[in-house]
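[1] give me a 3D structure for the following:
(2 chains)
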Amino acid sequence: MRQADPDARAAGDPEVAEPGDLAARARLVAETDEGSQQLVRSDETGRTELLIEQGGVLRIPESDALDPDAADATFGAGETMILNVGPQHPSTHGVLRMMVELQGERVLRSKPVIGYLHTGMEKTGEQLTYVQGATNVTRMDYLSPLHNELVYSLAVEKLLGVEIPPRATWIRMLMCELNRISSHVMWAATNGMDLASTSMMIFGIRERDLVLQFFEKVTGLRMNHNYIRPGGVAADLPDGWEDDVEAVVDTVGARLGDYDNLLTGQPIFRERTEGVGVVPAELLVALSATGPLLRAAGVPWDLRRATPYLAYSEVDFDVIVGSAGDCFDRYAVRLNEVRESIRIVRQILEKMPPGDYRTQDKKVTPPPRARIDESMEALIHHFKLFTGGIEPPEGEVYVAVESPRGELGCYLVSDGSNRPMRMHIRAPSFVNLQSVPALLRGGLLADMIAILSSVDPVLGDVDR
Amino acid sequence: MAPSGPLVWRVAELDGVPAADSLGDEVFFPTRARYIEVATALCRAGFVTCSDLCAVDYLTHPDRALPEAVRPERFEVVVNLLSHAEVRRARLRVMVPEDDPVCPTLFSVYPGTENMEREAYDLMGIRFVGHPDPSRILLPQDWEGHPLRRDYGTGRVPVQFKEAPGPR
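    Have a look, this model is predicted:
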C-alpha cells in the first residue's frame, strides 16, 4: 500500500513516481523529515530550541536578537527525567501530549506535541463550496462552534460585499454571546475537575446544558450547528425565544454565585492557582497570545471592543482585565466575562430589531421553499445556488473575531470560483499553546495541570 | 487612537515596497531579501504582535491581481501583523518560488510565529531558514509530501498507520 506522491509528480521525476521504489521513497522521507517532534534529551537539542522549551524566548524591545547562550543546559544525564503526559490523559483536555523535563518536581522545560486530532480541515475547506463551508468550520472548535461559523461567514461576506440585515446581525451576536457563556462555564467545569473540585464539573456541565438546550431549539443541534451562514442565519429565532433566553441567563447568572462560593473564596483552590503560571505581558504579546490568557496579564485587548464587528459598538460591556496574570486571574477573567456576556444578552433582548434574518440577495440566500413551487425564477435561483453556489470576486481577506479563547481569524483567498482557493483559520488555541513552555518554566509538575487548564486549549481548534 | 496616515510615512523601510489595498486592509509585498527588514521595522513601529502567518499555493490561480512591481510566484507567505496601540493591522505577502520554496524565519522578530511556521512547513512545504525547530507539527514525522499544496490529491490517500498490517 503506497500513498500518492504529489511532490514527486510535481517535480516530474519518473523514478520517484514509480511505486515501490524503496530507495526513492527513503530519499523523499529524508528530504522532508525535519527531525523529531518530541522533546529529546537536552544535550541533543539545539540552543534556540532549548530556549523555547525552557520558556525563555523573550523579545526585549531594545534588542531584537535572541541570546541562545542564555539557555540552561547544564544538567547532566541522569539528573533529570523526561516525562510524557498524554495524549490520553484526562487533564490535557483532549489529545494534547505534553513532554516535560523534570528535575525532582520542578519543570525544567516542556514541549506540547500536537497533531493527534488533525483532520485536514483547511484542505477540506478548499473542496467545499462557500455554501457548504460553514458545516466544515463549525467542527473545528467544538466548544464555540458559532464563533467559527461567524468568522467564516464574515470573511465570505466581506469578499462578496453583501450587507446583512440588522436582525441577522443581532441574532448572531445573541448566539455568540450565549456560546461564550457555554464555553466559559464548560471551562470552569473542566478547570474545577482538574483541580479536584468534582462538584464544579457537575455544575458547569449543568449550566452549559441550559445553553445547549436553547441552541437545540434554535438550530436543531447542540453542537456543530451550521446556523450562522454566509448571508445571515439559517432560521429565525423560535417563538418565545425571549423567555427561553431570559430563563437561561437568569439561571446561569444566579448560579455564578455558587461558583464564587465553591471556588473563589476556597483556600485550596486559591492555593493551587494564585501565583501559578505567571509571565510578563510583553512575553505573551510577543508570543501572539490572545484572549483571556492575555487579558489576565493586564492587556485590555478584546476584539469586540478594539475593532467592533457585528453590533458590539451598540451594546455596553466591560473588558475584563486581570492584574497578576496567574491562573487565578485567568479564572476570574473568564468568570466575569460570563457576567459581561449575560449583560450583553440582556441588552440584546431589549434591542433585537425586527426584519429579515438573512439577506434577500438571490445570489447568496436560497428562496423560501414555498416560493419554489410558484416561481420559475425562484427555482432557478435555488438550483444555481445549490449546484454552483456563491461566487465571490477574486481577492483575499482576513477577518478576526473574539472567540472565547482569543482571536479567531479566517484568511480566505478567492479565485473567483465557487470554492475558496485557500481557507486558513487562525486558531486561538493553536497559537496560545506556544505560551505553555513559558508558563510552566520553573513550576511544579502539579501546577502543570492547573496551567494547562487555565490556557484552555481545545484540541479540535489546535489541530483542525 | 485612529490610524495616522499611511505607514510608509513613518516606516522608512517600507519605502519602495509595493503596496496595495485589499478590501480595506493594508498589504505590502516585500521581496524575500527585504522581508525580515520590513517586518523588523514594522515591529519597531508598534506592530508588536504577529497574529497570523500562513502559506498560500497559487498553482491554479497564477494570474492574480498584484501590484506591477511584484512578479507572481507559486507560493506566498502571508503574515498578518497587529498593533494594539493603534488598533491597526498590516499584511505582508512574500512571493516564494516553486523551485526554491525557502523563506527566512520571522522567529527572531516575532517568537509567536514558531508554531505557525512549523505548520506552514508541514502543510505547504515552505522551509523557514533559521527556524529553531523545523519539525512537522500536525502530521506524523514520517509523512510524505505537503497536503495543502494544490497538486496534492484528496480522497485517495489511504490513512497512514505506522506498522499497520496489510489489508485483512
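
[2] burial of A:Glu350, as a residue count?
    Here the number of neighbours of A:Glu350 (other CB atoms under 10 Å in any protein chain shown) works out to 8. All C-beta spots, glycine's among them, are computed from the backbone N, C-alpha and C.

[3] of all the residues in chain B, which one is nearest chain A?
    Proximity of chain B to chain A (CB to the nearest CB) peaks at B:Gly112, 2.9 Å away.

[4] span of stretch B:26-42 from start to end?
    Stretch B:26-42 has an end-to-end distance of 13 Å (criterion: CA to CA, to the nearest Å).

[5] one more: stretch B:11-31?
    End-to-end distance (CA to CA), stretch B:11-31: 16 Å.

[6] what's that stretch in contact with?
    A:158-159, A:395-398, B:6-8, B:34, B:37-42, B:45, B:66-70, B:88-95 (CB atoms under 8 Å, 6 or more residues apart in numbering or on different chains).

[7] repeat for stretch A:166-177
    Here stretch A:166-177 makes contact (CB under 8 Å, 6+ apart) with A:146-147, A:150, A:215, A:218, A:227-228, A:232-233, A:236-237, A:245, A:310-312, A:315, A:341, A:344-345, A:348, A:351-359, A:401.

[8] ok, back up a step: restricted to helices, list the contacts of stretch B:11-31.
    Under the assignment DSSP state H, the contacts of stretch B:11-31 contribute A:158-159, B:37-42 to helices.

[9] save the residues you listed as CSV, and put in distance to A:Met200, pLDDT and neighbour count too.
    Listed next are these as CSV, based on distance: CB to CB, whole Å; pLDDT from 0 to 100; neighbours: other CB atoms under 10 Å in any protein chain shown:
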residue, distance to A:Met200, pLDDT, neighbour count
A:Lys158, 40, 92, 19
A:Leu159, 43, 91, 23
B:Glu37, 51, 89, 16
B:Val38, 48, 90, 22
B:Ala39, 44, 90, 26
B:Thr40, 46, 89, 16
B:Ala41, 48, 89, 19
B:Leu42, 44, 89, 25
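
[10] nearest to A:Glu207, of those?
    Nearest to A:Glu207, judged by CB to CB, of the ones in helices among the contacts of stretch B:11-31 is A:Lys158 at 34.2 Å.

[11] ok, now how distant is that closest one from A:Asn226?
    Note on A:Lys158: its distance to A:Asn226, by CB to CB, to the nearest Å, is 20 Å.

[12] what about A:Lys362, which helix or strand?
    Following DSSP states H and E, one finds A:Lys362 outside all helices and strands.

[13] what sits closest to it if chain neighbours are left out?
    Closest residue to A:Lys362 apart from its sequence neighbours, by CB to CB, 6 or more residues apart in numbering or on different chains: A:His381 at 4.6 Å.

[14] could you look up the SS state of A:Asp373?
    Following DSSP: H, G, I helix; E, B strand; the rest coil, the label given to A:Asp373 is helix.

[15] again, but for A:Thr48
    A:Thr48 ends up helix, using three-state DSSP.

[16] also A:His118?
    Using three-state DSSP, the structure places A:His118 in coil.

[17] tell me the contacts of it?
    Shown in contact with A:His118 (CB under 8 Å, 6+ apart): A:463-464, B:138-139.

[18] how about the helices in chain B?
    Using DSSP H, the helices of chain B run over B:35-44, B:114-124.

[19] the stretch 51-200 of chain A too?
    A:121-127, A:133-137, A:145-160, A:166-194, A:198-219 (DSSP state H, counting those that start in this stretch).
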